[in-house]
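Undergrad: Sequence first, predicted coordinates after that:
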Amino acid sequence: MTRRRHSPKVVTGSSLLEGDTVWLTADDRWTRNMSEAELLEDEAVAEDRLLFAISQTDIVVGAYLANAATSRNGPVPVHVRETLRTKGPTNYVHGKQQQEQPVALAGYFEGV
Amino acid sequence: MYRYSDFDEAFVRERVAQFRAQVERRVDGSLTEDEFKPLRLMNGLYLQLHAYMLRVAIPYGTLNSGQMRQLAMIAERWDKGYGHFTTRQNVQFNWPRLTDTPDILDALADVEMHAIQTSGNTIRNVTADHFAGAAADEIADPRPVAELIRQWSTDHPEFQFLPRKFKIAVTGSPNDRAVTRAHDIGLRMIRNDAGDAGFEVIVGGGLGRTPMIGKVIREFLPRADLLPYLEAIVSVYNALGRRDNKYKARIKITVAETGLDEFQARVDARFAQLRPQFGGADQDMLARIEGYFAPPAFRSAPLGRYETAREADPAFRSWTDTNIAPHKAEGYAIVTVSLKVHGATPGDATSGQMRALADLAERFGHDELRISHEQNVILPHVHESDLPEVHSILGTHGLATANVGLISDIIACPGMDYCTLATARSIPIAQEIAQRFDELKLEHGVGELKIKISGCINACGHHHVGHIGILGLDRAGVENYQITLGGDGTETAAIGERAGPGFSAEEIVPAIERLVHAYLDLRCGRKESFLQTYRRLGIGPFKAALYPERVNANAA
């Protein structure tokens, strides 16, 4: 029996108080910066980490596994929806991108 | 407009107090998210992609200046300084913190507003013609009836856990501006041959995954029978509606699967049981509500500078050509204020703009404002002599865009920029289309053309009833946009026909441009609208414009 190929994942969800996007780190913290997330290359480990995340009900809402890829700067999103979650909406410089350096909307998807 | 009774006030305040305690119990860990989620949704609080979102009901789209100012205050104090007006005549705040929401709800209660039943499988905010009480073509003001339905449906004990959400729209005009044929129940106020007032009742319309035009279930319902008849419909739906499959749970599927005749027979039987229970208290209440909607004291005054301003100022003339509609009172006009500046987010207004609109309503508009399902703001009662000044003030707040009904007056849902359900973004597509046609200086020459964009199959952007509809989908992680053509949300309602394969985000604006150029080549003179040309010629020539490579391939 061949095992289905597992694509790397991160555990993500929304913070209870603000609804802000957060990711689970390897040392059991929740970070607001995806590059600090734990990249889960093993399916069984990913499922286990998700169960841990779901148990953190007083911190995080709606935890799930999202596909991710590796980069020099840690995990990065592979789906456009997850890219939006790492930065904020594209019609205003609101959300996470607001707290970072000013981001030109035209260059929104560059460097991802 | 309607004013809260002591009962209403106490009811809304109590709900806020309950929600405050529920939020506290969620934060201190006494409630799990599974327990809390239905409670927050009952109060309009969603969790979206980046933050919570609070959806506030604007009953039948009607606001006064005090309420608009309070929305401005809420946006500034607890959000990011703007609100988003939606296709259901609601307003959404995109960035509230969980612990601030009870304070926001209290601030709303201060101006007789709330967020109850803006989510969940309940009867949602009742929508109505945004020109209600003002339109020249109106038979009767639909708002008293909409208010009666709101009071009946709010916290109705039998209808808090319906198979799915339930939307009712009312129009008092033969020209349907409330999309009544795409609602779970649509009500058209009519008169029968004897001159009696009543309703044509339409049931089972809806957009979403399975778009359907509603069917007439009762050609003439006497006015006094309205609530028992509505209760009969919702009651039959509540019993028959499918709870086993979310995608088949709306009443449109119930009616389609049961058959209209059988459904109607069941409604009639239930109605016969219910009618005697309505002993006239509802009609007394309706009479009392009608008192709140007495027309304002219209003044008769000379038209003053109106005509001379039109002659002298092309920008004013252009704005009056597109943004003014005929009013029932002599010398008055209905002003539609466009929230569709080219390149801006459809339906968004800043706190400053909301205050400016409130000031204008107070000064020139008998203190009334409306929100349209097309995501614009209406000043329903403005004397024509005041129009030049109103236009000039709007201009200083970025609110004088002359494009109502034109190609850049686009409906767009929040899409994947905000919404967890979305499969693609809507807002940037709307922005790009509006900017492109502004650059081309084409839109006034093109005339009436309604583009409606949804970021997923749920169709909040009403794409099925757009003359040109755009549906954003996810194709293997990449946004892809399907085009439908020939949709219509008015009294001649029709579901648009899918044109063919979708387009990428880069291809969609050029595709729309090809469609519009095809229309300009095909139309019989400037008076024939896009929809009329489409109806005359069918989809063929528009498909050819959208997919020229196919035509070339066939010719080769």
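TA: The structure has been received and is ready for your questions.
Undergrad: Find the residue closest to B:Q264 in space, skipping its chain neighbours.
TA: Spatial nearest neighbour of B:Q264, excluding adjacent residues (CB to CB, 6 or more residues apart in numbering or on different chains): B:I217 at 5.4 Å. (Each C-beta comes from the backbone N, C-alpha and C, glycine too.)
Undergrad: Who are the packing partners of whatever helix or strand the one you found lives in?
TA: Element membership for B:I217, per DSSP states H and E: strand B:215-222. Using 3 or more CB pairs under 8 Å, 6 or more residues apart in numbering or on different chains; DSSP states H and E, the elements in contact with strand B:215-222 are strand B:197-203, helix B:226-240, helix B:260-274.
Undergrad: who's in contact with the one helix or strand B:E389 maps to?
TA: In the assignment (DSSP H and E), B:E389 maps to helix B:387-396. Outside helix B:387-396, the residues that touch it by CB atoms under 8 Å, 6 or more residues apart in numbering or on different chains are B:305-306, B:309, B:313, B:315-316, B:319-320, B:324, B:333, B:335, B:337, B:356, B:359-360, B:364, B:379, B:382, B:400.
Undergrad: Can you mark which positions in that helix are buried?
TA: Using 16 or more other CB atoms under 10 Å in any protein chain shown as the test for burial, helix B:387-396 gives B:L387, B:P388, B:E389, B:V390, B:H391, B:I393, B:L394.
Undergrad: Take these and write them to TSV, including pLDDT.
TA: As requested, the buried residues of helix B:387-396 are exported to TSV (pLDDT from 0 to 100):
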residue	pLDDT
B:L387	97
B:P388	97
B:E389	97
B:V390	98
B:H391	98
B:I393	98
B:L394	98
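Undergrad: From those, pick the one nearest chain A.
TA: B:L394 (22.3 Å; CB to the nearest CB).
Undergrad: ok so, going back, output the contacting helices and strands for the helix or strand that the helix holding B:E389 is followed by.
TA: Note on helix B:387-396: by DSSP H and E, the next helix or strand toward the C-terminus is strand B:411-412. Here strand B:411-412 touches helix B:427-440, strand B:451-454, going by 3+ CB pairs under 8 Å, 6+ apart.
Undergrad: Tell me how far the helix holding B:E389 lies from the chain's centre.
TA: For helix B:387-396, the separation from the chain centroid amounts to 25 Å (computed by CA atoms, centre = their mean, to the nearest Å).
Undergrad: One more: stretch B:536-545?
TA: 29 Å.
Undergrad: in it, what's buried?
TA: By neighbour count on 16+ other CB under 10 Å, the buried set for stretch B:536-545 is B:I539, B:P541, B:F542, B:K543, B:A545.
Undergrad: Over to stretch A:32-50?
TA: Within stretch A:32-50, the residues that count as buried by 16+ other CB under 10 Å are A:N33, A:M34, A:E36, A:A37, A:E38, A:L39, A:L40, A:E43, A:A46, A:R49, A:L50.
Undergrad: Kindly reformat these as TSV containing distance to B:D244 and secondary structure.
TA: As requested, those are exported to TSV (distance: CB to CB, whole Å; DSSP: H, G, I helix; E, B strand; the rest coil):
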residue	distance to B:D244	secondary structure
A:N33	42	coil
A:M34	38	helix
A:E36	43	helix
A:A37	38	coil
A:E38	39	coil
A:L39	39	coil
A:L40	35	strand
A:E43	31	helix
A:A46	31	helix
A:R49	33	helix
A:L50	28	helix
